[in-house]
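In: What shape does this take:
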Amino acid sequence: MTKFADIEIDKGIIRRAALGDVRAHEVIYRAFSAPVYSICLRFTKAPAHAEDLVQETFIEIMRSIAKFRGEAALGSWIRRIAVTKSLMFLRSAWTKRGQSLSDDWDDMTAGEPVSHGISSHPDDAMDLDAALANLPEVSRAVVWLHDVEGFTHKEIAGLMGKTESFSKSQLSRAYQRLRPMLSVNDGAQPSSATVNGY
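Out: Numbering: from 1, shown residues only. Here you go, the predicted structure:
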């Protein structure tokens, strides 16, 4: 999970924010704007889009904070809004390009790794960020949600409007594509902590 879980906001500030207190809104914005931007940038890969999504996320937060019941941490609630806004943005982009959330892995990954710009030389191993950037948008989103944000396949399926098996399939295929990109100098597979399992 990202920094969201580490941020604590006094319940009094949350109550004041729910009543429309602008200063309380500002406290929440200052506390969470950086991690919200970070997660939006991970999904969009474009700073301008990420900045727009931060604004949309905080508009939604301030509009809905009166409904926040405190059953989970405020950070978890905000993180879910940021993820939802990011996925809505990606869905919109897929729609504009005439694509869908369908399992189009074969279209994206046919051929040898070299044909995808992936070096066949282990000495040229890429870092995780660069490797993730080479994944199709859907796969990258599933890997990020599952491995970094800690969402379950059931939660990812709900966010994407798909089945759990779709989420598992996307994650498995993303791992297959990441392995050659993250291979280490001795040619061994990456550790299971890096890219493995569900």
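In: Q170 is in contact with L135, correct?
Out: No - taking contacts as Cβ atoms under 8 Å, L135 lies outside contact range of Q170: 9.4 Å. For glycine as for every other residue, the C-beta is placed from the backbone atoms N, C-alpha and C.
In: Show me which residues of the helix or strand where F58 lies are buried.
Out: Per DSSP states H and E: F58 is located in helix 47-64. Counting neighbours by 16 or more other Cβ atoms under 10 Å, one finds that the buried residues in helix 47-64 are H49, A50, L53, V54, E56, T57, F58, I61, M62.
In: Over to stretch 156-168?
Out: Neighbour-count burial for stretch 156-168 [16+ other Cβ under 10 Å]: I156, A157, L159, M160, K162, F166, S167, K168.
In: and it, C-alpha only, in CSV?
Out: Presented in CSV, the C-alpha positions along stretch 156-168 are these (Å, rounded to 0.1, in the frame of the first residue of the first chain):
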residue,chain,number,x,y,z
ILE,A,156,-10.2,-5.1,-8.9
ALA,A,157,-13.0,-6.9,-10.7
GLY,A,158,-15.6,-4.6,-9.1
LEU,A,159,-13.6,-1.5,-10.0
MET,A,160,-13.2,-2.6,-13.6
GLY,A,161,-16.6,-4.1,-14.1
LYS,A,162,-15.1,-7.5,-14.9
THR,A,163,-14.8,-10.9,-13.2
GLU,A,164,-12.2,-12.1,-10.7
SER,A,165,-10.8,-14.5,-13.3
PHE,A,166,-10.2,-11.5,-15.7
SER,A,167,-8.2,-9.8,-13.0
LYS,A,168,-6.2,-13.0,-12.3
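In: Show me what counts as buried in the helix or strand encompassing Y37.
Out: Using DSSP H and E, Y37 sits in helix 22-44. Judged by neighbour count using 16+ other Cβ under 10 Å, the buried positions of helix 22-44 are 24-25, 27-29, 31-32, 35-37, 39-44.
In: Helices of the protein, start to end?
Out: For the chain, the helices defined by DSSP state H cover 11-18, 22-44, 47-64, 74-96, 105-109, 128-133, 137-143, 153-160, 164-181.
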